[in-house]
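**Q** how does the following fold in three dimensions:
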Amino acid sequence: MFQVTPIPAFNDNYIWTLADPAGPRVAVVDPGDAAPVRRYLEQRGLTLAAILVTHHHPDHTGGVTELAREFAAPVYGPAQSPFKGVDRPLNDGDSFELFGQTLAVREVPAHTLDHISYFNAGEPSQLFCGDTLFLAGCGRLFEGTAAQMQRAMDYFRTLPDDTEIYCTHEYSLSNLAFAAAVEPENDAIRDALERCRNLRDQHLPTLPSHIGSEKQINPFMRTHLDSVRESASRHASKALSGPVETLAAIREWKNQY
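**A** Predicted structure coming up:
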């Protein structure tokens, strides 16, 4: 597994650093801003060895070109992307080596059509998922569909329960408040909300989450359950017939929450 450290950016972004155990090098995931990455490297005497991009939004790519030029770092990212700074294009099913570990690439379009995730099958395994899966949430459907997001959630559910989830935003408290509205009797959600409030009170990240936890608290990973479907149906004032309709309904509910 990688040693992973967050670099806070903007109001609620995390730029994740992946350390090379063999030397003073790191890779970064979704550097939307070059300045905090540069400060982090300078303060610790590190150099940048690689950049990983999950999708094209500026808060994930804004610092890529500057950092890649300064450090001559390769940029891994989706092959089919509006962002033109990728020089190591990746497609679904690809894999590559980073610091002696293998990252597997999965296309997870929904938030954007070019979105990919990176999975490291170490012990524990690690998932770098950008804006697709959040703690107790999922990304808005800016370009893709509910069916695509459901396929992404179904893929994430197949990963080991102890998989560490490194998403890119500190949305946990608002996501958990919404999850509690969807499933008010879910004790796991209440426990997660208390834990995350305590962390944020100490100005600490609530991340990483874990796949096993998300199966218990994340309504977007629980769309196959009657409790979520029935709650979504009541809110939508119509009967919903399956996971995709349920996900679409709770995503629209969350948009207005």
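
**Q** could I get the full set of strands for the chain?
**A** Applying DSSP state E to the chain gives strands spanning 4-9, 13-19, 25-29, 47-52, 75-78, 88-90, 95-98, 101-107, 116-120, 126-130, 133-134, 137-138, 164-167, 209-210.

**Q** the first one to strand 126-130, inter-axis angle?
**A** Orientation check (axes from the mean of the first three to the mean of the last three Cα atoms, to 10 degrees): strand 4-9 against strand 126-130 gives 20 degrees.

**Q** neighbouring strands - and their directions - for strand 4-9?
**A** Next to strand 4-9 in the sheet, as set by DSSP bridges, lie strand 13-19 (antiparallel).

**Q** ditto for the fifth one
**A** As defined by DSSP bridges, the strand partners of strand 75-78 come to strand 47-52 (parallel), strand 88-90 (parallel).

**Q** now stretch 173-183, how far from the chain's geometric center?
**A** 18 Å (Cα atoms, centre = their mean, to the nearest Å).

**Q** same deal with stretch 113-122?
**A** Per Cα atoms, centre = their mean, the centroid offset for stretch 113-122 relative to its chain is 9 Å.

**Q** so what touches that stretch?
**A** Contacts to stretch 113-122, defined as Cβ atoms under 8 Å, 6 or more residues apart in numbering, come from residues 1-2, 29, 52, 54-56, 77-78, 80-83, 90, 92, 101-109, 125-133, 139, 143-144, 159, 163. Quick note: C-beta positions are derived from backbone N, CA and C, even for glycine.

**Q** restrict those residues to the buried ones and give me that as a ChimeraX selection.
**A** Here is the ChimeraX command that selects the buried residues among the contacts of stretch 113-122 (16 or more other Cβ atoms under 10 Å):
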select :2,29,52,54,55,56,77,78,81,83,90,101,103,104,105,106,107,108,109,125,126,127,128,129,130,131,132,133,139,143,144,159,163
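
**Q** of the strands paired with strand 75-78, flag the one that's most buried.
**A** The highest average neighbour count among the strands paired with strand 75-78, using mean count of other Cβ atoms under 10 Å, belongs to strand 47-52 at a mean of 22.

**Q** residues in contact with that one?
**A** 18, 20, 24-31, 37, 41, 64, 67-68, 70-71, 73-77, 98-99, 103, 118, 128.

**Q** sorry, back to before: between the strands paired with strand 75-78, which one is closest to residue 195.
**A** Closest of these to residue 195 is strand 47-52, at 28.1 Å (criterion: Cβ to Cβ).

**Q** for the chain, which segments are assigned as helices?
**A** Using DSSP state H, the helices found in the chain span residues 34-44, 58-61, 64-71, 146-157, 172-182, 187-201, 211-217, 226-236, 243-256.

**Q** so can I have a markdown table of those helices showing mean pLDDT?
**A** Listed next are these as a markdown table, based on pLDDT from 0 to 100:
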| stretch | mean pLDDT |
| --- | --- |
| helix 34-44 | 98 |
| helix 58-61 | 98 |
| helix 64-71 | 98 |
| helix 146-157 | 98 |
| helix 172-182 | 98 |
| helix 187-201 | 98 |
| helix 211-217 | 98 |
| helix 226-236 | 97 |
| helix 243-256 | 98 |
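
**Q** okay if I get those helices as a markdown table plus mean neighbour count?
**A** Shown next, in a markdown table, are the helices of the chain (neighbours: other Cβ atoms under 10 Å):
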| stretch | mean neighbour count |
| --- | --- |
| helix 34-44 | 16 |
| helix 58-61 | 20 |
| helix 64-71 | 17 |
| helix 146-157 | 20 |
| helix 172-182 | 20 |
| helix 187-201 | 15 |
| helix 211-217 | 20 |
| helix 226-236 | 17 |
| helix 243-256 | 19 |
